[in-house]
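Undergrad: predicted coordinates and the sequence they were generated for:
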Amino acid sequence: MTKSVRRTINVELLNRLRDVLGGRRVSHSHLDLLNYARDLWPRSLIDVSRGELHHLPDLIVWPETTEEVSRVLRVCNEMRVPVVPFGGGSGLTGGAQPMCGGVVLDTKRMNRLERLSEQSMLAVCQTGILGAKLEAELNRKGFTMGHFPGSLGTSTLGGYLATRSAGQAATLYGKIEDIVVSLQAVLADGTVMHTRTAPRRATGPDFNQLFIGSEGTLGVITRAHMRIHLLPETRAFRGLVFKKLSSGLEALRLLMRAGVRPAFVRLSDEEDTAYTMNALGLEVKGCLLVLVFQGRQTLVELENEMAINICRQAGGRDHGDEPAQHWFSHRYAEYYRQSPIFADEGMIIDTVEVATTWSNLEKLYKTVRTALAKHVTVLANFAHAYPEGCSIVFTMLAKPEPDDGYKLYDKAWDAALNATLKAGGVISHAHGIGLLKNKWLQKQNPAAFALWRGMKKRLDPNDILNPGKIVLDGEAAC
Amino acid sequence: MKIAPSQASVGMLEELANIVGEANVSTNDLFRLSYSRDLNPVSNLATNDGRFGPMPDVVVWPTNTEQVVAIVKLAAKKRTPVIPYGAGSGVCGGTVPLRGGIMLDLKKMKRIIELDETSLTVTAEAGIIGQILEMELNRKGYTMGHFPSSVYTSTLGGYLAARSAGQLSSKYGKIEDMVLGMEVVLGTGEVMQTAISPRCSLGPDWNQIFVGSEGTLGVITSATCRIRPYPATRRFASFIFPDVESGVNAMRLMMRHGLQPSAMRLYDELDTVLVGTSSKEGESDDSFLDFLPVSQFGNVVKSIVPGLVRRTERFFGQRADLINQLERFANKGNLLVLMFEGDERQTEEEHMLAAEICDKSSGRDKGPEPAMRWYKNRYHVSYKQSKVFYHGAFVDTIEVASTWRKVVRLYDEVREAVKGLAFIMAHFSHAYLDGCSVYFTFVSAGTSVDKAEQTHRQVWDAAMEATLKVGGTISHHHGIGYTKARFMADEHGHAMRVYEALKREMDPAGVLNPGKMGL
């Protein structure tokens, strides 16, 4: 049962969109509207558990080509109807919530891997393709894109680009902005633009980087050229345990500094280690560092050896390959356990992912951890290591009193992000802004926030693209 | 020679003096003349002819961000152009003050603000010279890994504004990969500091909007960049390939297999003659990329090249083609130089894999010497060009890029398009997983400067048309300035709309480096 209210149907809009897409790819069925009323922002899981969805769209459309997207946008721009681009709906910040109703533009029927250039190591894809499907198709031909977010099975390429995603193997393969070469995007008035495909260009600003991370506010990304890599010849796993978190962090920093590039890297704090090791049936005290190397046999062996040496010198104890193997085979599991935790156990769970440079990392960890621990149970791990710094993923867990869920949730986030700003970290490493972090982006970088809004006004003067996001404090969403 | 007088009003000069102090403002003709050009060949030709291009009305040397803010605000209020200026080593006329105005030289903002050895970052003011920054880092055991051949006469701000890439970009990345955060003064006078973090997902990446904007969107005043420990080992290797295709194939396979050579350059036959393939250390050192065919080609070319200067264009046209055919006799093969840097065993492994790949692609091992010689002479190219101009000829470089699938075609088509107009040679460098750049050097001449300018323009038109037809990009790392502005519409298509929107948003008065970039 939901308390959500449906608006009356705009018949002219419905008819014009049916002209573009045919009857079957335009829907106003109540079930569809409910399904597209939210993404995986944990706060809306509280909504769901209470049977309240606040922001229903009016229509869902499923275009199959860039041309159709362009025509949909032209219609909506003329009629001043909001359009919310929607991929796999796996966002964690409410970025795809249709705040002002309107049309949800689901890209998932634009799901073709159009071309694979084995010579230039490029995959040309429509952006509605699911990450896991794209990866499987590439694997079949002997390639990988190297982009593995926890949501891989339920997120799309367009989503990765629009939210500026980073996968678990970012240390080796780069983040989405490093993987993309060129893209095609449809602007609010239906203009189709594309960036030129070249390994590198010095022809002005990099316009890709304006659309990457724009979260549906500046254009709809419909097609992209993505870099791919050979599937690794081999993989080496390593688990090391450090008595103190600070020595684990030091080891990780020195690994990066020495030019060792594990594909996957994750250092858990004591609480997170206990949780992971328990699942493995092992009793280990300390902080577990998981390393997975992959690539050419000889180089992988060398890197593994270098890593073990560096870790030992920093006080790490070698636990062989089992802990890393276990983590590797369960690395997508966490993502899909959240809904039952909310629904069945009445608990709230979320992840706060922040980042900073090495010299500031422990301070950021301590500040945020302390702030969060006043409200919720906290586990943390350090993943996505770079030579300059690292991200921290805090998992927060709590069982609020009945009807106290929102309050506790908001309090915990307030505490975490205020602490992040205080400690000089960035409020998002890879999940993006959406509704969740809007007000902190204004605090983090008011000038950037203003530029984003300014560009939105210029590229989308009627504010039809994902309206109600990047709004000023106190400003009405619609 | 008469220089048109400065148009700067007394009022504006006073205001500028109030901002930066009288000693840091000048309307002196010598300064105005010096700042009227960069190293683009069109300016070089004109200068040799005793002609001046447009001049700035005033040159200012701010010493801090607040002063830059005040200058930009003043310029916006007075609707006077303001042109950010580093060391003037650009080759596309990016800093030429097409509409006069204020030349904003940033070289007095040259401090290293912070070296964070734990996080491997350095924060410096934009006016610092590349080589000085590098030497300071070297002293502490680090390198930035950014080595454009102009490194002695170019600034950090210039690298960022022009979207520079150094010779070791395959390993250390291009300037956009090195920058973590930057401080920029927008055309409104507002200061924007981007987040300093190894990575963030905070919406669009504004760093990447300012990088490459060539002074049209803001004045970059400082930046935080990644650095690396100075490499423990350096390892050199060279191979000779029978043709361009097999050499390019080897480059592609090395990148495909995840090798990260710091340098990887393949010279076509003519360029190979210039580099020299001799394994004897020291031999023909001074001839490397001297650009003066007179001194380089020895007896063969000596007899032909003076003709470039003396004869008519028509005659030169025939001669250019003739010289281009020299490669058939040169028969030196195509030289690939490789350099690996880093951990001793890692570089050893990489070297072994590289040798295996080159061998499979018909490469003959020539040992380390040719690569070592390249390394020793790697900056010569930037400082010897003006000699050519004294002789009435001109030299220029065209650096384009494409994906691997198209890159040999790109090479062929550009050469074909240009060969009747100029003597042209090329090397392939800046290799990536998905493609590489092709760097053409061309030499030509005209009976008069007008004719030379005309030929120069024809070469560019032909080369750019061929590049775009094949599907390459018109610039890999030199940028656009004004000399390539006419090709921007074809390069970008509708994306220019985005650039125009950025321009209006960040520089509503339209005073930042006007007339550039096809805006």
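TA: That came through, no problem.
Undergrad: A:Val61 and A:Thr127, how far apart?
TA: Counting by C-beta to C-beta, to the nearest Å, the gap from A:Val61 to A:Thr127 is 15 Å. For every residue, glycine as well, the C-beta is placed using N, CA and C.
Undergrad: more neighbours, the two?
TA: When neighbours are counted by other C-beta atoms under 10 Å in any protein chain shown, A:Val61 and A:Thr127 differ, and A:Thr127 comes out ahead with 27 against 24.
Undergrad: hmm, A:Met110 and that one touching each other?
TA: Yes: counting by C-beta atoms under 8 Å, A:Met110 is a contact partner of A:Thr127 at 6.3 Å.
Undergrad: now do the shared contacts for these two.
TA: Common neighbours of A:Thr127 and A:Met110, counting by C-beta atoms under 8 Å, 6 or more residues apart in numbering or on different chains, are A:158, A:222-223.
Undergrad: B:Met192: what secondary structure?
TA: When classified by DSSP: H, G, I helix; E, B strand; the rest coil, B:Met192 comes out as strand.
Undergrad: you'd agree it is up against B:Leu186?
TA: Yes: with contacts counted by C-beta under 8 Å, B:Met192 reaches B:Leu186, the gap being 6.2 Å.
Undergrad: give me the more crowded residue out of those two.
TA: Using other C-beta under 10 Å, the more surrounded residue of B:Met192 and B:Leu186 is B:Leu186, with 23 against 19.
Undergrad: show me the contacts for the more buried one.
TA: B:72, B:192, B:217-218, B:506-507.
Undergrad: tell me how chain B divides into domains.
TA: Listed domain ranges for chain B are B:112-229, B:233-470 (source: automatic domain parsing).
Undergrad: okay, those in CSV with mean pLDDT next?
TA: Converted to CSV, the domains of chain B look like this (pLDDT from 0 to 100):
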stretch, mean pLDDT
domain B:112-229, 97
domain B:233-470, 80
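Undergrad: any chance you could map the strands in the stretch 201-350 of chain A?
TA: For the stretch 201-350 of chain A, the strands defined by DSSP state E, counting those that start in this stretch cover A:220-227, A:229-230, A:234-242, A:264-268, A:287-295, A:317-318, A:348-357.
Undergrad: what about the residue in the stretch 1-150 of chain A positioned nearest to chain B, how many residues close to it?
TA: Closest to chain B within the stretch 1-150 of chain A is A:Ser120: 3.7 Å, counting by C-beta to the nearest C-beta. The tally of other residues near A:Ser120 (other C-beta under 10 Å) stands at 24.
Undergrad: packing partners for the helix or strand harbouring B:Glu349?
TA: Using DSSP states H and E, the element containing B:Glu349 is helix B:344-360. The contact analysis (3 or more C-beta pairs under 8 Å, 6 or more residues apart in numbering or on different chains; DSSP states H and E) places helix B:344-360 against helix A:297-313, strand B:233-241, helix B:244-256, strand B:334-342, strand B:364-365.
Undergrad: returning to what we had before: in TSV: the strands of the stretch 201-350 of chain A, plus distance to chain B.
TA: Listed next are the strands of the stretch 201-350 of chain A as TSV, based on distance: least, C-beta to the nearest C-beta, whole Å:
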stretch	distance to chain B
strand A:220-227	6
strand A:229-230	6
strand A:234-242	12
strand A:264-268	13
strand A:287-295	6
strand A:317-318	20
strand A:348-357	4
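Undergrad: between the ones you listed, which one is nearest to B:Leu259?
TA: Among the strands of the stretch 201-350 of chain A, strand A:287-295 comes nearest to B:Leu259, with 10.4 Å by C-beta to C-beta.
Undergrad: could you dump that closest one to CSV, C-alpha only?
TA: Provided in CSV are the C-alpha atoms of strand A:287-295 (Å, rounded to 0.1, in the frame of the first residue of the first chain):
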residue,chain,number,x,y,z
CYS,A,287,43.5,-4.8,10.4
LEU,A,288,43.3,-6.9,7.2
LEU,A,289,44.8,-5.7,4.0
VAL,A,290,43.5,-7.5,0.9
LEU,A,291,45.5,-7.3,-2.3
VAL,A,292,44.7,-8.7,-5.7
PHE,A,293,47.2,-8.4,-8.5
GLN,A,294,46.4,-9.2,-12.1
GLY,A,295,48.0,-9.0,-15.5
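Undergrad: sorry, back to before: between B:Met192 and B:Leu186, what contacts are shared?
TA: In terms of C-beta under 8 Å, 6+ apart, B:Met192 and B:Leu186 are both contacted by the residues B:Gly218.
Undergrad: I'd like to know how far A:Asp206 sits from B:Val25.
TA: In this view, A:Asp206 and B:Val25 are 35 Å apart by C-beta to C-beta.
Undergrad: ugh, wrong one, I meant A:Thr65
TA: For A:Thr65 relative to B:Val25 (C-beta to C-beta), the value is 58 Å.
Undergrad: compare these two (neighbour count), which wins?
TA: Of the pair A:Thr65 and B:Val25, B:Val25 is the one with more neighbours under other C-beta under 10 Å, namely 23 against 14.
Undergrad: contacting residues around the more buried one?
TA: Neighbouring residues of B:Val25 by C-beta under 8 Å, 6+ apart: B:13, B:16-17, B:58-61.
Undergrad: again, but for A:Met110
TA: Contact analysis of A:Met110 by C-beta under 8 Å, 6+ apart lists A:63-66, A:69, A:126-129, A:158, A:222-223.
Undergrad: among those, which ones are buried?
TA: A:63-64, A:66, A:69, A:126-129, A:158, A:222-223 (16 or more other C-beta atoms under 10 Å in any protein chain shown).
Undergrad: among the residues you listed, which lie within strands?
TA: A:126, A:222-223 (DSSP state E).
Undergrad: which strands or helices does the helix-or-strand element of chain A with minimal mean pLDDT pack on?
TA: Using mean pLDDT, DSSP states H and E, the weakest-scoring helix or strand in chain A turns out to be helix A:338-345, at a mean of 73. Other elements packing on helix A:338-345 under the criterion 3+ C-beta pairs under 8 Å, 6+ apart are helix A:42-50, strand A:348-357.
Undergrad: count the residues that sit near residue 24.
TA: Reading this off chain A. Neighbours of A:Arg24 using other C-beta under 10 Å come to 8.
Undergrad: if you could check chain B rather than the one you did, that'd help
TA: B:Asn24 has 17 nearby residues by other C-beta under 10 Å.
Undergrad: the one 10 residues further on now?
TA: When neighbours are defined as other C-beta under 10 Å, B:Ser34 has 14 of them.
Undergrad: what's the answer for B:Pro5, then?
TA: Quick note: B:Pro5 (other C-beta under 10 Å) scores 11 neighbours.
Undergrad: how far away is it from B:Val58?
TA: From B:Pro5 to B:Val58 the distance is 12 Å (C-beta to C-beta).
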